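A.B. asks: Have a look at this prediction, sequence included:
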Amino acid sequence: MKTVEPYYITESKRICELAGMDPNEVAIPKTFLNEVEFGQKQKAYSEILSVVSFFSNKLLDSLIGRPILVVVSDADGYLLEIEGDATIKSTIEQFGIQPGSLFIQEETGTNVISLTLQQRHPISLIGEHHYHTFLHEIACYGTTFHYTDDNNLLGSVCIMMPIQFQNELFLTMLTQSVDSIERELLLRKQNKKLYIMNQIMLSRTRNGIVITDENGITTEFNHFAEKISNLSKESVVGRNILDSHLTGRYFKEVLTQGKIFKNEEIKFKNNKGNLVVCLFDAQPIYEDDKMIGAFGQFRDISDRYTLQEQYNYLAFHDDLTKLPNRRFINKEIESIIKELNTGLHKTLALLFIDLDRFKIINDNFSHSFGDKLLIEVSKRLSGCLGEKEVLARMGGDEFIFLLQDFTDVDYVTAKAEEILQLLRQPFLVNGKELYTTASIGVAVCPVAPVTLEQLMVYADNAMYQAKSLGKNCYVMHSNELLDAMLHDYILEIDLRGALDKNEFILHYQPQIHNKTGKLIGFEALIRWQHPTFGQIPPDKFIKLAEENGLITQIGEWVIEEACTQNKKWQDAGMTPVKMSVNLSTQQFLTRNLITYMEDVLERTAIDPAYVVVEITEYMAMEYEYAIHVLEQLNILGIGISIDDFGTGYSSFNYLKNFPIDYIKIDKSFISEIMNNEKDAVIIKAIISLAHNLHKEVIAEGVETKEQLEFLIDHQCDISQGFYFSKPLPADEIERIYLEKHGS
């Protein structure tokens, strides 16, 4: 389908036409850096290019086998690097396209580099989008990269390929690579600034500081150094520190050997005759790996007042957010509870705040982003503090509000609502909008005596209940909530005996081949037939099994039961079909998984060709271990499926190197394909990518005829979902399918 040409491409082609450019002539760059200029440019960009090259090479590695070029330019359009397919690279060099050439619209017409630098957002320039006809067989994708802290444009990264290899997924891959480039560049820039600032701040510390140049000449002697030694700055600066009878030998080893000294005890008498005892530190100072001097620090250990003041602050405040910490808030609460228990009329409430999905931000943006987000959250929460209220950071992404002396509980719930509303607004961190919400547990101190531990448990339990209700809400502690927590506790106890009591059963959901409409397999799904509470779905007990370590045993039971049942159906005359079973993370990481699978195949006499194990993308992140296990499963003849594809940490490297047979599109994408164009594009891209890698695609959660028709139209191989059948027990499967699909 022909796409609408973006306005900026149309405008660019119009400018080329007005400039009198001939679209049928080959446009070549006319401006080039000479050898000296190009060397200077590369030197200026050396650190940037090292980062860009690292990630562009990873991009090329993930697309190996395709004739693709990766081109890097500076902010003006000068080409700095060209990597990729040697044949294409040799061809374009004949047209003057080489490192050092300037790519601007005035000379080369409509091109991806100029447009990317002009628009400063990801660009696709494909076929006839180019003004010159000799480029109509080329597909190009490009985006800019910046220092994200000041939005300083550094250049562009573009990929180019023959038009038959075009795929909008490449633009997504390129954008993800540039995100990684920008994070790494920012990290390096910040580390450099931080290192310099640390050295500057040390001169402002409440300690005596001495700084020298590389020859030992004293260049700085701060106020506290004057105070400790009773020597003036003027009498010390300009003298060689190596001549000092107190510290000369230390500085000599620092400057000649790069040695570092810590907590060296030095005793001396100042010019007033007073004995001074100091702890002395010394270390070299570097700039770009070159030693430029030495740093020395004296701490007067007789001055306990300053040290105690610093200790008290660190002991009761969080280092990251500067808020009161757990120790501080516990002390405050205990003090108030003590007053309450003595009969003083006061009110007290705790709001236990836990950020939702904070781990996702840490995993996808880095821990430094996470830390900055926590700082911004603490600032926003501090803005709604009332009189006599305390906000503390308990650790990680947990905060607590202490409210007291309020007139009624409505004030407490209003405060919880205010906090939820505050956190729903986006946070700007390093130029990126980040979103987080919170789950809040509310505990109001009862009239009866209560302990700190009890009140904390009440708030904590209420917070976890808010999490279980879908997050982004608050829950008040109540006796009913305690009963619900007790119910979960009883479930956990009963779960430990469920295997021995044969309380687990399997339901089977059919998998249908889209082209033939035939049954080709089942997915085995566990249910718990509880003697008191009836049938319990897996989302109610799997997490408990993971927490108490039973998940591996339960997973092994599922595998053996599913294989046994499949073999039983085959022996009864059903046409053999594949049986899929899910592996938990703990089970996948168990070192005896391969041995266990071999034993199951032998005990059940099932042909491994009819067994498929499903893993998640998260399991595959343990790359070396994962590829070893999957290769062993493949050798056994067992099929391998990536479950919930697209919802985790997708890596094209996994798809390229792992012996995967099936890619399972998560049902969250399927449910929206008829309403959300982006979901539809993603599904089409996944199917295309999978087929190009010779893997089959399974769509789960198919519920409507329209969804199925969409999947069939776009060559999805297999479907499962309520449109065909809900998961059914074995006897229902036999009643519906055994006779119908008999041999």
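C.D. replies: Now that the structure is in, tell me what you want to look at. Numbering: from 1, shown residues only.
A.B. asks: per-residue confidence at residue 304?
C.D. replies: Looking at residue 304, its pLDDT stands at 57.
A.B. asks: What of residue 138?
C.D. replies: At residue 138, the model reports a pLDDT of 89.
A.B. asks: Tell me if I'm right that it and residue 163 touch.
C.D. replies: Yes: counting by CB atoms under 8 Å, residue 138 does reach residue 163; the two are 6.2 Å apart. For the C-beta atoms, the positions are set from N, CA and C on the backbone; glycine is no exception.
A.B. asks: what is in contact with those two at once?
C.D. replies: 126, 127 (CB atoms under 8 Å, 6 or more residues apart in numbering).
A.B. asks: Which one's more surrounded, those two?
C.D. replies: Under the neighbour definition other CB atoms under 10 Å, residue 138 and residue 163 were set side by side, and residue 138 has more, 22 against 14.
A.B. asks: what mean pLDDT does the lengthiest helix in the chain have?
C.D. replies: With secondary structure taken from DSSP state H, the chain has its longest helix at helix 169-202. Mean per-residue pLDDT for helix 169-202: 76.
A.B. asks: please begin residue numbering at 846 from this point
C.D. replies: Right, with 846 as the first residue, what we last looked at is helix 1014-1047.
A.B. asks: what's the spacing between it and its chain's center?
C.D. replies: 15 Å (CA atoms, centre = their mean, to the nearest Å).
A.B. asks: Output the contacting helices and strands for the helix or strand following that helix.
C.D. replies: Scanning forward in sequence from helix 1014-1047 by DSSP states H and E, the next helix or strand is strand 1053-1058. The helices and strands touching strand 1053-1058, judged by 3 or more CB pairs under 8 Å, 6 or more residues apart in numbering; DSSP states H and E, are strand 1063-1066, helix 1068-1074, strand 1135-1145.
A.B. asks: For the longest one, which strands pair with it and how are they oriented?
C.D. replies: Paired neighbours of strand 1135-1145 in the sheet (DSSP bridges): strand 1053-1058 (antiparallel), strand 1120-1132 (antiparallel).
A.B. asks: quick one: the helices in the stretch 1446-1588 of the chain?
C.D. replies: Listed in chain order, the helices of the stretch 1446-1588 of the chain (DSSP state H, counting those that start in this stretch) span 1468-1481, 1497-1502, 1512-1515, 1522-1537, 1550-1558, 1575-1578.
A.B. asks: ok, residue 1505 touching residue 1487?
C.D. replies: Yes: look at residue 1505 against residue 1487 with CB under 8 Å: they come within range, at 5.6 Å.
A.B. asks: Of these two, which one has the most company?
C.D. replies: Using other CB under 10 Å, the more surrounded residue of residue 1505 and residue 1487 is residue 1487, with 26 against 23.
A.B. asks: Quick one: residues contacting the more buried one.
C.D. replies: 1459, 1460, 1461, 1462, 1465, 1499, 1500, 1505, 1507, 1508, 1509.
A.B. asks: So, low pLDDT: which residues of the stretch 896-1045 of the chain?
C.D. replies: 1039-1045 (pLDDT under 70).
A.B. asks: 90 instead, please
C.D. replies: 896-915, 918, 925-943, 952-953, 965-966, 979-980, 982-983, 991-998, 1004-1006, 1009-1045 (pLDDT under 90).
A.B. asks: residues near the nearest residue to residue 1417 once chain neighbours are set aside, how many?
C.D. replies: Of all residues not flanking residue 1417 in the chain, residue 1583 sits nearest, at 6.2 Å (CB to CB, 6 or more residues apart in numbering). Neighbour count for residue 1583, taken as other CB under 10 Å: 15.
A.B. asks: So what's the residue count around residue 1168?
C.D. replies: 22.
A.B. asks: Go ahead and confirm it touches residue 1239.
C.D. replies: No: assessed by CB under 8 Å, residue 1168 is found out of contact with residue 1239, at 9.7 Å.
A.B. asks: picking up where we left off before, thinking the residue nearest to residue 1417 is in contact with residue 1420, fair?
C.D. replies: No: at 9.8 Å, residue 1583 and residue 1420 do not qualify as touching, with contact defined as CB under 8 Å.
A.B. asks: Any stretches of the stretch 1146-1295 of the chain with poor pLDDT?
C.D. replies: For the stretch 1146-1295 of the chain (pLDDT under 90), the answer is 1146-1167, 1169-1174, 1176-1194, 1201-1216, 1218, 1228-1234, 1239-1241, 1249-1258, 1268-1282, 1288-1295.
A.B. asks: quick one, strands of it?
C.D. replies: 1193-1200, 1235-1240, 1243-1249, 1272-1274, 1277-1279, 1283-1289 (DSSP state E, counting those that start in this stretch).
A.B. asks: what are the pairing partners of the longest one, and which direction each?
C.D. replies: Translated: strand 1193-1200. strand 1243-1249 (antiparallel), strand 1283-1289 (antiparallel).
A.B. asks: which residues are in contact with the helix or strand that the last one is followed by?
C.D. replies: Counting by DSSP H and E, the element after strand 1283-1289 in chain order, helix or strand, is helix 1297-1313. Counting by CB under 8 Å, 6+ apart, helix 1297-1313 makes contact with 1175, 1178-1179, 1182, 1193, 1195-1199, 1201, 1245, 1284-1288, 1290, 1318-1322, 1326-1327, 1329-1330, all of which sit outside it.
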